[in-house]
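Trainee: Predicted model and sequence follow; I will ask about them next.
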Amino acid sequence: MKLIFLGPPGAGKGTQAAGVSANLRVPHISTGDMFRNAVNNKTPTGVEAKRYMDAGQLVPDSVVIAMVKERLSEPDCANGYLLDGFPRTVEQAEALEGISAPDAVIDIEVPDERLFDRLTGRRVCKACRGTYHISKLANETVCPVCGNEVYQRDDDKPETITKRLQVYHEATAPLIGYYEAKGKLNRIDGDRNLEDVFKAILASLE
Ligand code: AP5
């Protein structure tokens, strides 16, 4: 199965991708995580990506497409993939058609007013990468799963979130129509509890 998760920042793509990729036995490939690793390792890609990410803007298509093309050529993608955060522009979607076209697209839909709270309250574990909302943490700095420190992403500041949402509506939302026209789009109401969203995604793929 070759699957894409589409949706605005904070829709729950990363949260749901972990369980869905395990269920489908395909690798979860998050371009945001790949860029954050590159930033932490101070690679040339990371240095270039950081200034776009901190500004809430998209990294240039040529950089992202080259990175994804290389990743999809690795052996663990032989039976498919779950792409989270790619494609994000029509140019990226067109490039993916030539690399390895998706079988289905899951569009996780959540109203903007809910996304703001989700993103300002998001905390991520430095060790296991688990993602939580601060309201659900007994200790605001400790991962409930592995006990390591959780942190707030640099791009989860209110002014950057506003920019990310604007960029989503301008550059990425057109992909909903793009994949609908190809008959590959599955719309999922993401404004429900985690378990219900998970079940709805799997049901839409049957
Ligand atoms: P990326 O990391 O991909 O960020 P994003 O798309 O903005 O998505 P997020 O990770 O913010 O949200 P999510 O949908 O995964 O939500 P999550 O599950 O964490 O990209 C970051 C940056 O990298 C971009 O801005 C850009 O600069 C660059 N980039 C990446 N890919 C690129 C590309 N293809 N082209 C160009 N540039 C690129 O959940 C969020 C919160 O909500 C959490 O607290 C979670 O606990 C909570 N939550 C989740 N589901 C629910 C629910 N059902 N109910 C209540 N709370 C929930």
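Mentor: On my side now, so go ahead.
Trainee: Mind telling me which residue of the protein is nearest the ligand?
Mentor: As assessed by Cβ to the nearest ligand atom, the ligand sits closest to residue 32 within the chain, at 1.9 Å. Quick note: C-beta positions are derived from backbone N, CA and C, even for glycine.
Trainee: Was I right to think that residue contacts residue 85?
Mentor: Yes - counting by Cβ atoms under 8 Å, residue 32 touches residue 85, with 4.8 Å between them.
Trainee: Neighbours of the residue of the chain closest to the ligand, how many?
Mentor: By other Cβ atoms under 10 Å, 19 other residues sit near residue 32.
Trainee: Residue 115 now?
Mentor: Look at residue 115: counted by other Cβ under 10 Å, it has 22 neighbours.
Trainee: what does the one 3 residues further on give?
Mentor: A count of neighbours around residue 118, defined by other Cβ under 10 Å, yields 18.
Trainee: list the buried ones in stretch 14-34?
Mentor: Across stretch 14-34, burial judged by 16 or more other Cβ atoms under 10 Å covers 14-21, 24, 26-34.
Trainee: err, stretch 117-134, not the other one
Mentor: Those would be 118-119, 121-125, 130-132, for stretch 117-134 by 16+ other Cβ under 10 Å.
Trainee: now stretch 38-56
Mentor: 38-39, 45-46, 49-50, 52-53, 56.
Trainee: restrict these to those near the ligand?
Mentor: Applying Cβ under 6 Å from any ligand atom to these, one finds that 52-53, 56 fall near the ligand.
Trainee: If you drop the residues flanking it in sequence, what lies closest to residue 45?
Mentor: Distances taken as Cβ to Cβ, 6 or more residues apart in numbering place residue 38 nearest to residue 45, at 4.6 Å, with adjacent residues excluded.
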